[in-house]
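A.B. asks: coords please:
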Amino acid sequence: MLSRFSLTIGPASTVKYINDTHPDQKLLYFKSEDNPGRYLLLDVFDTHHVFASDLRFKTYYDNGRGTHAWDCPFFEFRYVTINKDEQIIFSSLLKRWENEENRPAGLKRTIVGFKRKRTFEYLMINAWESEEAFLAWNRDPENKMNQFTFSGGPGAFIKKYHQISKHDVQLETDATLTEDKFKQIHEEQKQEEEAWNKSWDKGWSDWATTEEDFEE
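C.D. replies: Numbers count the residues shown, from 1 in each chain. Here you go, the predicted model:
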């Protein structure tokens with residue numbers, strides 16, 4: 001059973017920094033479904049965690065013991081707040097998922113972690129064979145997991161990610177940073193031109209005034 005895991009979320013520059021400073025670290029890479037410019041890095045290998053973020057979790061539940069079900073293309077990160085009474089129901093639902101036949105169609109693995117028990121905040125990571133399988137389950141009125149909300153909100157706080165390879169994420173982040181650098185250079189050139197034009201206009205005005213004074 002996985003004993004702990006950690007994650008970090010950020011733009012392309014975050015991914016590149018971590019890859020450059022820890023090139024041998026084994027990580028899983030994800031790209032946001034809702035914001036393509038955001039990435040999530042997940043460390044599930046029980047090694048030395050390298051993330052500076054406070055998103056470190058102890059494992060509460062893992063039905064993938066002895067398996068390596070990390071090659072799924074679509075992942076759901078579901079944040080919920082569960083009080084002591086709800087934990088009984090929550091745990092019983094998770095226990096049913098120990099048997100693959102009782103899991104929602106397309107759900108390959110579930111891991112649940114917590115940061116501190118007293119906060120009652122849990123992160124459920126569901127590995128799906130497709131986004132369509134997740135959507136079908138999430139919209140199902142018989143979905144009993146939807147009864148658990150986050151911080152009293154109308155529902156759970158859910159983030160959707162597609163898993164990508166380290167090679168692909170390196171290509172994407174390099175391209176993004178190159179484009180960002182180009183934009184930065186272009187913006188600097190634009191600002192320099194604007195400053196030059198202002199200086200030129202002022203110089204021309206001063207010169208014209210001087211000429212008028214000279215003609216008089």
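A.B. asks: residues near residue 160, how many?
C.D. replies: Here the count is done by other Cβ atoms under 10 Å, and residue 160 has 18 residues near it. Every C-beta, even on glycine, is put in place using the N, C-alpha and C of the backbone.
A.B. asks: who does it bridge with?
C.D. replies: Counting by DSSP bridges, residue 160 is bridged to residue 76.
A.B. asks: and it, what does it touch?
C.D. replies: 32-34, 74-77, 131, 134 (Cβ atoms under 8 Å, 6 or more residues apart in numbering).
A.B. asks: 10 Å instead?
C.D. replies: Residue 160 is in contact with 30, 32-34, 74-78, 128, 131, 134-135, 138, counting by Cβ atoms under 10 Å, 6 or more residues apart in numbering.
A.B. asks: likewise residue 41?
C.D. replies: With contact set as Cβ under 10 Å, 6+ apart, residue 41 has these partners: 6-10, 14-15, 18-19, 25, 27-30, 50-51, 53, 166, 169.
A.B. asks: which ones among these lie within strands?
C.D. replies: Within the contacts of residue 41, residues falling in strands by DSSP state E are 6-10, 28-30.
A.B. asks: format the residues you listed as a markdown table; extra columns: distance to residue 61.
C.D. replies: What follows is these, written out as a markdown table (distance: Cβ to Cβ, whole Å):
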| residue | distance to residue 61 |
| --- | --- |
| 6 | 17 |
| 7 | 17 |
| 8 | 22 |
| 9 | 22 |
| 10 | 27 |
| 28 | 19 |
| 29 | 24 |
| 30 | 20 |
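A.B. asks: which one of those is nearest residue 151?
C.D. replies: residue 9 (18.3 Å; Cβ to Cβ).
A.B. asks: please name the bridge partners of the closest one.
C.D. replies: residue 40.
A.B. asks: is it true that it touches residue 52?
C.D. replies: No - counting by Cβ atoms under 10 Å, residue 9 stays clear of residue 52, with 11.8 Å between them.
A.B. asks: in the protein, which residue is most central in space?
C.D. replies: residue 40 (3.4 Å; Cα atoms, centre = their mean).
A.B. asks: any idea how far it is from residue 55?
C.D. replies: Distance of residue 40 to residue 55, given as Cβ to Cβ, to the nearest Å: 10 Å.
A.B. asks: now for these two: what residues contact both?
C.D. replies: By Cβ under 10 Å, 6+ apart, the residues touching both residue 40 and residue 55 are 7-9.
A.B. asks: only whichever of the residues you listed are buried, select them in PyMOL.
C.D. replies: Per 16 or more other Cβ atoms under 10 Å, the buried members of these correspond to this PyMOL selection:
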select buried, resi 7+8+9
